[in-house]
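Colleague: Got a sequence here, can you model it:
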Amino acid sequence: MNMKKKKLLGGLFLGIALAFTAVGCGSDNDSAAPKERSEGPVLTREQQKQQLETTSKKFMSSIQPNDFKVLDEIAYYVNKHYLDDQSVEPLNKWAKGILQSMTQTIATGQPGYTEYARIIDATKYRGRFEHQGYKWVRTKDSQNLEFLFRDQEGNDCLLAFTVSDKAKEVRSEFFNSEETEYVPGTAGYPGYTERTKYKNTVMVPEDVRMTLQQGGRQLLSTDIHTDLTTSGDLNLAVDQLAFTCKTVFQKYEVIVHRAFYKGPGDAEAGVELKADGKTLLGAKATGHGLVSNRGVDNVGSVDVAADVLGELQVKGKCSNGSRLAEIIDRMEKDKAVYTDEARFKKEVADANSLLDVNVYYSYATKPSAGLLLGAMKTVDDYSGRAEWISNAQIKFTDGTTYAVDDYFSRKNFAGVFKEAGDMINAFKRLFKF
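Modeller: Predicted coordinates:
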């Protein structure tokens, strides 16, 4: 999907559902349970502006850039003192040796062609490394892969990776790699090309955990859990995959979930962002279609839902994703369409017939606004010819319609834009390296 189309659909779903995400998906509390919906409120256009501004400011105030200062300081110090070429050379040599130990030569009987088989297993990379002098040194055996270092204040820090022994063996052409090298001819002998192919089998672990400790206190953790059902040879039309990742940093939690069911079938994905135990953002998307090793062959219906602080909800459905993509392609690429007002507006109407996306407040059953596509006239810079482009629009219950870019403007939401700008600049000042 090109950037223009991403911007269009991003505006259509107000940017909230772009993460293709799901409320609750694996969190400790059952926030995935359906929320009780009420008949109201249905807000007027002015009331929605006030509510959107209030909710946006409340969301931003829940995330404090200074909370991330400690992480920024450690990352900056590590990047400056522990990741230069001299420091990591022994580490790279150790890792290369382990990779070679997992590699076997396969006899091909073909001149100029060598084949290797590799079993890539993360559990083989274990041991504790300490930064001593000017390099990383493996100091002892460990069940984890660990890196012990000191931060800018002299505190001991430990970065550890734990990989479960329980894993699924997976083979696929997608994992393989091939290298070619031309060998020049000498003494009258012609040159030739040497080919080397690596057939890689990947051991997919069921659980991976990463932790960062500072001064004996856990600062950051990430847990990844994978459920994979496969015969061993990856087949996206048959295999099933579910993936959950939970990251905890001080008072913040981010939970990401993706599940790909066997095709033809369903896929879903989701995210939940929490601070101080309260869900700030939850969203999900589910899709129905046909998947194979060639990729996504067909997309049927797609449902999205997002919830911000329990105050703002966006729910929507596209009845035929493949057909919508085809329509957007014609609007963007077919000159006969985007230079003809009547044909272009017919395509917009066809696209809107596939979409049902609405904005709700406080779990109301009735929407306060709808989101749809519109047609906007432009002029080509070179030819001066009139052309048409599509844009995302918001339609209120009083019948008024605005382009999303025009409605959510710096003029209409000056306070929100200022706070958002201040937050972005604060993060830029932190993560400057």
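Colleague: what secondary structure does the residue nearest to Tyr134 when sequence neighbours are not counted sit in?
Modeller: Using Cβ to Cβ, 6 or more residues apart in numbering and skipping residues adjacent in sequence, the residue nearest Tyr134 is Gln86, 5.4 Å away. In short, each C-beta sits where N, CA and C put it, glycine included. Under the three-state scheme (DSSP: H, G, I helix; E, B strand; the rest coil), Gln86 adopts helix.
Colleague: can you count the residues close to Ser383?
Modeller: As a burial measure, Ser383 scores 9 neighbours (other Cβ atoms under 10 Å).
Colleague: let me fix that: Ser319
Modeller: 14.
Colleague: Contacts only, for it.
Modeller: Taking Cβ atoms under 8 Å, 6 or more residues apart in numbering, we find Ser319 in contact with 300-301, 354-356.
Colleague: swap the cut-off to 10 Å and go again
Modeller: 300-303, 353-356 (Cβ atoms under 10 Å, 6 or more residues apart in numbering).
Colleague: hang on, isn't Tyr361 packed against Thr397?
Modeller: No. Counting by Cβ atoms under 10 Å, Tyr361 stays clear of Thr397, with 11.9 Å between them.
Colleague: got any residues that touch both of these two?
Modeller: Counting by Cβ under 10 Å, 6+ apart, the residues touching both Tyr361 and Thr397 are 42-43, 48, 367-369.
Colleague: Closest one to Asp334 out of those, please.
Modeller: The shortest approach to Asp334 among the shared contacts of Tyr361 and Thr397 belongs to Ala369, at 30.8 Å (Cβ to Cβ).
Colleague: For burial, what's the neighbour tally of that closest one?
Modeller: Residues lying near Ala369 (other Cβ under 10 Å) number 24.
Colleague: what's the distance between it and Lys284?
Modeller: Distance of Ala369 to Lys284, given as Cβ to Cβ, to the nearest Å: 21 Å.
Colleague: And for Val78?
Modeller: For Val78 relative to Lys284 (Cβ to Cβ), the value is 35 Å.
Colleague: Now which of the contacts of Ser319 would you call buried?
Modeller: Buried members of those, scored by 16 or more other Cβ atoms under 10 Å, are 300, 302-303, 354-356.
Colleague: Need the three-state assignment for Leu373.
Modeller: Following three-state DSSP, Leu373 is assigned to strand.
Colleague: wait, isn't it in contact with Trp388?
Modeller: No. Counting by Cβ under 10 Å, Leu373 stays clear of Trp388, with 11.6 Å between them.
Colleague: Now list whatever residues contact both of those two.
Modeller: Listed as contacting both Leu373 and Trp388 by Cβ under 10 Å, 6+ apart are 331, 347-348.
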